[in-house]
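J.: 3D model of this:
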Amino acid sequence: MKLYQIEYLQEVCKYGSFSKAADALLISRPAISRAMKDLEEEYGITLFQRTTTGVVPTEAGEIILEKSRRISQLLTELRSEINTLKSSAKDENDHLLHIGISFTARCCFLPFLSEFWRVYPGVQISLTDLSESFMYRGAVDPDFDLEIALSDDTPHDDVDYIDIEDSVLSFCCSRRHPLAERERVSIMDIKDEPLVGLNYLEEQKNVVTGLFERYGLQPNMAYMTQQVSFLREMVRENLCCSIKPRQSIESDPEIVTIPIAEAEPLHLRILWNPDIRHNSAFHSFIEYARKMLPYSNAPENEV
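T.: Purely as a prediction, here's the structure:
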């Protein structure tokens, strides 16, 4: 049994649907079906039975579900204890802030960090590029004091956050493209458009694919690249289009970003775990963010 199978199993039981669980996990339905089939083959059992309203766990499925929840609880307790130990160690360097920052956040949040450094020159910031992470995944990595990433809904109660700005998956095209003057496009409008993507952003690819699959379609992925500059050039020269959060590409004057009507709203956020002890560098950062960011929403006593 793999940890991701535990997560998938719990989500299928929660929603009573493979499709809804896949949407919640931002993965494709075939991926979650394969994971459950592998689990069934490993134990030689059937996990689910179909009803008129969806799927429910079998007796064997209920047993594994109960045990999986105990495993999840133990992992949560383990992370909490490790976080406490790491927080104590951080006291030795009270001016160091560890931040995990996603690809999309990099594009629009670095000016804020520059201003923060100007006001708090004594704070040292260690930035880790979450290059393989497109979306916030439900828990702040214990290696970081905070994460700056996209979130598709309100985080869990055990996570505090500050909104930076709203976002949405957008159709990105050259100003010469026939759709460039549109204020909004639909999936049907762009279903045949050749697309270019970044091959290390697997989660983003899954989100885009899932968006098309809702309508029985597959995105026309013509090119995959590791170079952001190459992606921009392909779009700029009207050779391909792309689907990305608007912040990641809208600064290019030759590229138009058009919201996709069917895409769910996204939120660029600062997220952190309030249950661990934070140092003075963290408190300075959050205080400055509340003061300077227009969408700041966390009350003072949450830090």
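
J.: did I read that right, Ala180 in a strand?
T.: No - read with DSSP: H, G, I helix; E, B strand; the rest coil, Ala180 is coil and lies in no strand.

J.: tell me the contacts of it?
T.: 173-174, 256, 258 (C-beta atoms under 8 Å, 6 or more residues apart in numbering). For glycine as for every other residue, the C-beta is placed from the backbone atoms N, C-alpha and C.

J.: what bits of this protein have low per-residue confidence?
T.: Across the chain, the ranges flagged by pLDDT under 70 are 87-93, 107-108, 131-139, 153-157, 200-203, 250, 294-303.

J.: okay, now the domains of it?
T.: As recorded under automatic domain parsing, the domains making up the chain are 3-86, 94-303.

J.: okay, now Val12: neighbour count?
T.: 29 (other C-beta atoms under 10 Å).

J.: Equivalent analysis for Asn199, please.
T.: 12.

J.: can you check Val185 too?
T.: Neighbour tally, Val185, other C-beta under 10 Å: 18.

J.: Give me the distance between it and Gly61.
T.: 42 Å (C-beta to C-beta, to the nearest Å).

J.: ok, back up a step: buried deepest among the domains of the chain, which one?
T.: The highest average neighbour count among the domains of the chain, using mean count of other C-beta atoms under 10 Å, belongs to domain 94-303 at a mean of 17.

J.: for that one, the distance to its chain's centre please.
T.: Computed by C-alpha atoms, centre = their mean, to the nearest Å, the separation of domain 94-303 from the middle of its chain amounts to 8 Å.

J.: returning to that earlier point: could you single out the nearest of the contacts of Ala180 to Met1?
T.: Ile258 (43.5 Å; C-beta to C-beta).

J.: residues contacting the closest one?
T.: With contact taken as C-beta under 8 Å, 6+ apart, Ile258 is in contact with 170-173, 179-180, 182-185.

J.: switch to 10 Å and redo it
T.: 168, 170-173, 177, 179-185, 189-190, 241, 246 (C-beta atoms under 10 Å, 6 or more residues apart in numbering).
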